[in-house]
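Trainee: For reference, the sequence and a predicted model appear below.
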Amino acid sequence: MSVDTGSTTQRFEAALADLEVPVTSTDPSKFERTVERIAGEPAIGTSLPFPSVSLPDWVDDEPSPRDLESATTGITAASIGIADYGSVVLPATPSGAEQVSLFPDLHVPVLRESDLVADMPTAIERLGPQLREGHSAIVATGPSATADMGSLVKGAHGPKDVHVLLLEEAGEDDE
Amino acid sequence: MSSDADREAKADHIRHLLETEGEAVETNTLGFNQGRYDSVAGLEDYDALKRTARAIKEDAIERLPELLEELRETVEANGGTVYLADDAADANRYIRDLAIEDEADRVVKSKSMTTEELEVNEALEGDGVDVVETDLGEWVLQVADEAPSHIVAPAIHKSEDEIARLFNAEFDPEEPLETAEELTMFAREQLGELIREADIGMTGANFVTADSGSIMLVTSEGNARKVAVVPDTHVAVAGVEKIVPSVEDLAPFIELIGRSGTGQDITSYISLLTPPVDSPVVDFDEPDVAFADRDDDREFHLVLIDNGRLEMREDDQLRETLYCIRCSACANTCGNFQSVGGHAFGGETYSGGIATGWEAGVHGYESAAEFNDLCTGCSRCVEACPVEIDIPWINTVVRDRLNRAGDDGQFEFLYDELVPDAEPGGLDLQKRLFGNYETLAKLGSATAPVSNWVAGLGPVRTLMERTVGVDSRRSLPAFQRETLQDWYDRRGPRRPASDADREVVLYPDTYTNYIDVERGKAAVRVLEALDVHVRLPDVPGSGRAPLSQGMIETADRKASRVYATLAEHLDAGRDVVVIEPSDLAMFRNEYEKLMPERSFERLRDGSYEILEYVYGLLENGADASELRSGNGGPDVAYHSHCQQRTLGLDVYTRAVFEDLEYDVLESEVECCGMAGSFGYKEQYFELSMDVGDRLAEQFTTPEASDRQIVASGTSCEDQLDDLLGRDAVHPVELLDPRSRQH
Ligand code: SF4
C-alpha cells in the first residue's frame, strides 16, 4: 500500500517505530540471551515451530489458566510479518498461543525475517489456504488500546506492550 | 405533517444535546475525520482500493443466496451450526434456547451493532441471564443505561470526567478514579473477572467468508479475542450482508475499515477465526490443567440475521445500503453529526448518514423518519465511504417515500395553487415551501420590493414560523425586482458571437437570477473579459430544491425541462456554465438517476462550474490581466462549497486565485451548516448555527478577521453573512474587472 522504499525489513521496522513498538533483531546463537534481556518473569510461552531455536527453560511452555494470570510476559511465534503495517500474524494453536499472546502485559512475538511480506494482500493470500483448512489467526498491530475512557490508553484487555523479536536465520546473512 | 409543536420539541431535543453531548461528540468526530484524511493519504491508490471493495460487495450481495448455502456447508463441515433468523424475535428465540440448553448464567459480549438491532441483551436478561458488554465503551453505556451515539465508538458523547463520575458513583472504589488510564485499568480488572466465569461468548462479525466459514472481527481492545476463546461456546451474530465469497476478499477491507472509521491505518487486532477454533478453553474451574493437556469440545453457532435485509436486496434503491461495512466515516465527516451525534442523528439502532437506509430496512420507515431530515445532502460522506455508497441519494429516496406516506394536508387547498409540484397532497408544508422555492422566487421578484417588506414584517415572520417553520431569527434573502435575465436582455451581450473565442450558456440558477443578481453580472463580465460570448436563455430550476425535500418526481420533471432547454445549445457546441455548485452537482451527479444515460452524459460533459471554466480559459491562453488580480484586490478568506468539493472542483478556484496572486486563507470545515434550506428551518436553526460556528471560528481569528469573505455557494454566503455580520461574495465577484469588492 505504501509509497515507502527500502527493504522489506527496513519498512517493517519503520512501521513499528511509528507505532512505538520496539523490535530487536537476533540470530539463533544469541536468541536465548536476547529473550532474557527482553522478557520479564514469570514468563510463559508456546513452543516455537522454528527448527533453529527453542524457548529458554525458564519460560513455562505448558501454561495453565493460573499461569496465564500470573505471567507478565507471553512469548509466541508469529507466522507472517507485514512490512506496510508493522503487523504480525499470530496463529491460534491447541497449546494456547492465542491466550499466551493476549493475557500477560508484555507480548513478545518471535518472527523469522524470512516470513516478512510486503503488504496486506500478500499476507491474506498466504492465510487463505490455512483458514480454509480450519485454522485461525490474529493480525496484531501494536499493543491493545482503547480511547473509550476519554483518551488513548494502552492495554485495554490485552497486552500493554509488544516487543517484536526478529530472527535472522543462518543462510540469510549470505544473501 | 410536522406541526409547530413537533418542530419546537425537536428543536428542544437538539438544543439539549448540543449543550450536554455536543462538545465530546465534536472533539471525537473531528479527530476521527482528520485521522481519516491523514491515513488514506498514505495509500498508494485509495480510489482503486475503494473500487475493489465496492466490486466485492456488489458481487457478494448479487450472489447472496448461493453464498449463504456455501457458508452453511463450510461452517457445518468445520463443526459449527448455522441458523438463519427471519427477524429479531426469531434470532432471540434461538439464542435464548442456546443459553437455556447450556444452562448459561452469564453471556459475555464484544461490541456488535447487530445485537443492538435485535435487542438480544434484553431478551436474555428476561430469562435471568447476566449479559455483560466487554467493550469498554459499551460497558460504560451499560452501566449508565444509555444507548450508543456512534456505530464504532459507542460512548463518544461521554467525556473522561463524566465516566469518572459515573464509575465513582456506581462502584465506589477505595480511591476515586480520575484519569482515562485509571478508568481503563479498573474496567479491565472488573471485566476480566466477569469474562473468567462466563458460559457463552457472543461476538458480532465484520465479515464472514463463505469459502472457509471464517469470521473477521475488527477491534483494538482485545476483548473480542477473550470473549471468543475463554468460554467453550461461541455465538457469532451477523447480518446476512456480511458474507463475502473468500478469505482473499478481506484484504481491501482490512486496509480500508480502520482508516475510514477512526482514522487508524489498522486497528490493533484483526481476528480471523474459523470456529470452532483450535485454541483451548480457559477454564478457571481447572486452573492447573495445562492448555496443552486439554481436549476441548468447543461449540460454535453462527446466527445470520435477515430482519428485512433480503427485502432490501430486492429494492433497487435500498440495496446499496447492504454494501455498508459500518465504518462510521459517513457520520464522522458529517457537519450535523459532528454537532449532535447519534442521539439526534440516528434511529432505533443505527446512526449517521447511512442509518436512514438501515433503519428503513430493518426497523421501518418510522424509525428513519425520526432523523432523516438531518441529512442535508451536502455529499461530503460520498467520497469518504469506502464502498462508494451514494448516501445522500438513499436519504432522498427514503424522504420521498416518507412524503408519500403522509396524511392528507389541511392546507392543501391554499398551497396547491402556489406550489406546482408533482407530489402527494399529504406532503409536509415546510418541505413543500422549500421544494417550490423557484416559484416563490419568481413571485417574490415580480412583486419586489413590496414582497421583501411584507416578508420582513414581524407578524408575517411569526406566521411563517408557525405555519411552515421558517425560523424568524434568519434574515430572508431579498428578491430583486430586476432579475439577471432582465438585466442581460436590457444590456445585451458585449462580446458578439462573431468575434468571440467561445460561446457559453450561463445557467441562471434561481438564487442568482432573482436574489444575488450581482454575482450573475460579475460572471457575465468575467466571461466577456476573457473573450466569451454569453447567452442567458430562460432555463428552469435544476430541481435541487425539490430534491432536497425528497420530492423526486418534481425534481425529475425539472430535470427533463432543463435538458430540453439545454440540448439545443449543447448540440450547437456551446458550453454550459453554472455558478451555483449545488445545481452543477445535479447536472453532474443526480441527473444520472433522473434521465436517460446518454442525455445525462451529454449534459455532464458539457457543463462547468464558473471558476473551473475560467481556469480552463486561462490555461488555453486567455488573458489573465483582463481580470482583477490579488494585487489591488483584497486578501481572501475562502470557503469552498461542500458539493463543489465532492465533485473535486474546489481545486480550480484555488488555482485561479493562485494564478492571480490572491492571498488566500482556506476554511477546513466540511460544510457551512446552512445547506440550502436546512438552516432556515425553525427546528434546525440552532444546529445549523452550531455547525456554522466551526467555520466562524476559523474566519474570526486575527489572521482572518480583516479578509474579504468569499464562498462559492449561495447558502454558504447567507450563513457567513449571518454568522459574521460580514458580507460574503462569490469568487467570480472578486475577479470581476468592475468589482467593487475591496
Ligand atoms: S455508508 Fe459507507 S461510510 Fe457510512 S458507515 Fe457504511 S461503509 Fe462507512
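Mentor: Received, thanks. Numbering: from 1, shown residues only, chains lettered A, B, ... in the order given.
Trainee: does B:D400 count as helix, strand or coil?
Mentor: Secondary structure state of B:D400, per DSSP: H, G, I helix; E, B strand; the rest coil, is helix.
Trainee: pLDDT score assigned to it?
Mentor: Note for B:D400: predicted pLDDT of 91.
Trainee: Give me the distance between B:G621 and chain A.
Mentor: Plainly put, B:G621 is 35 Å away from chain A if you go by CB to the nearest CB, to the nearest Å. C-beta coordinates here come from the backbone N, C-alpha and C atoms, glycine included.
Trainee: Count the residues that sit near that residue.
Mentor: Burial measure for B:G621: 10 neighbouring residues, criterion other CB atoms under 10 Å in any protein chain shown.
Trainee: Quick check: beta-bridge partners of the residue nearest to the spatial centre of chain A?
Mentor: In chain A, the C-alpha closest to the average C-alpha coordinate belongs to A:P109, at a distance of 2.2 Å (CA atoms, centre = their mean). Counting by DSSP bridges, A:P109 forms beta bridges with A:T76.
Trainee: need the contact list for it.
Mentor: Taking CB atoms under 8 Å, 6 or more residues apart in numbering or on different chains as the contact definition, A:P109 lies against A:75-78, A:88, A:90, A:101, A:140, A:162, A:164-165.
Trainee: ranking these by neighbours, who comes first?
Mentor: A:V88 (31 neighbours).
Trainee: For chain B, tell me whether the strand or helix carrying that one is touching it.
Mentor: Secondary structure from DSSP states H and E places A:V88 in strand A:87-91. Yes. Counting by CB under 8 Å from any CB of the partner chain, chain B is contacted by strand A:87-91 at A:S87.
Trainee: Residues touching that strand, excluding its own?
Mentor: Outside strand A:87-91, the residues that touch it by CB under 8 Å, 6+ apart are A:76-82, A:97-98, A:101, A:109, A:111, A:123, A:127, A:130, A:135-141, A:164, B:266.
Trainee: How about stretch B:8-26?
Mentor: Counting contacts by CB under 8 Å, 6+ apart, the residues touching stretch B:8-26 from outside are B:2, B:149-150, B:156-159, B:162, B:337-341, B:343-344, B:682-687, B:690, B:694.
Trainee: So which of those would count as near chain A as well?
Mentor: Taking CB under 8 Å from any CB as the test, chain A is in contact with B:158-159 out of these.
Trainee: Got a ChimeraX select line for the buried ones in the contacts of stretch B:8-26?
Mentor: To isolate the buried ones among those in ChimeraX, judged by 16 or more other CB atoms under 10 Å in any protein chain shown, type:
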select /B:2,149,150,156,157,158,159,162,337,338,339,340,341,343,344,682,683,684,685,686,687,690,694
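Trainee: Now, the contacts of stretch B:8-26 that are in helices?
Mentor: Residues of the contacts of stretch B:8-26 located in helices (DSSP state H): B:162, B:337-340, B:685-687, B:690, B:694.
Trainee: show me the contacts for B:T262.
Mentor: With contacts taken as CB under 8 Å, 6+ apart, B:T262 has the following neighbours: A:147, B:32, B:35, B:152-153, B:328.
Trainee: Just the buried ones from those residues?
Mentor: When the contacts of B:T262 are checked for burial by 16+ other CB under 10 Å, the buried set is A:147, B:32, B:35, B:152-153, B:328.
Trainee: shaky segments in chain A?
Mentor: Confidence mapping of chain A against pLDDT under 70 gives the ranges A:1-5, A:171-175.
Trainee: Okay, strands next: where are they in it?
Mentor: Listed from the start of the chain, chain A has strands (DSSP state E) covering A:23-26, A:43-45, A:73-78, A:80-82, A:87-91, A:106-112, A:116-117, A:137-140, A:145-146, A:153-154, A:161-162, A:164-167.
Trainee: so is B:V131 in a helix, a strand, or just coil?
Mentor: Quick answer, by three-state DSSP: B:V131 is strand.
Trainee: I figured it hits B:T115, correct?
Mentor: No. B:V131 is not in contact with B:T115 according to CB atoms under 8 Å; the separation is 9.5 Å.
Trainee: Could you report the neighbour count for B:L647?
Mentor: B:L647: 19 neighbours (other CB under 10 Å).
Trainee: for B:D211, same thing?
Mentor: Neighbour tally, B:D211, other CB under 10 Å: 18.
Trainee: now do A:V139
Mentor: 26.
Trainee: Look up how far B:F284 lies from it.
Mentor: From A:V139 across to B:F284, the span is 28 Å (CB to CB, to the nearest Å).
Trainee: picking that back up, I'd like the strands of chain A laid out as TSV, including distance to B:V108.
Mentor: Listed next are these as TSV, based on distance: least, CB to CB, whole Å:
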stretch	distance to B:V108
strand A:23-26	33
strand A:43-45	23
strand A:73-78	21
strand A:80-82	30
strand A:87-91	22
strand A:106-112	22
strand A:116-117	34
strand A:137-140	18
strand A:145-146	17
strand A:153-154	21
strand A:161-162	24
strand A:164-167	30
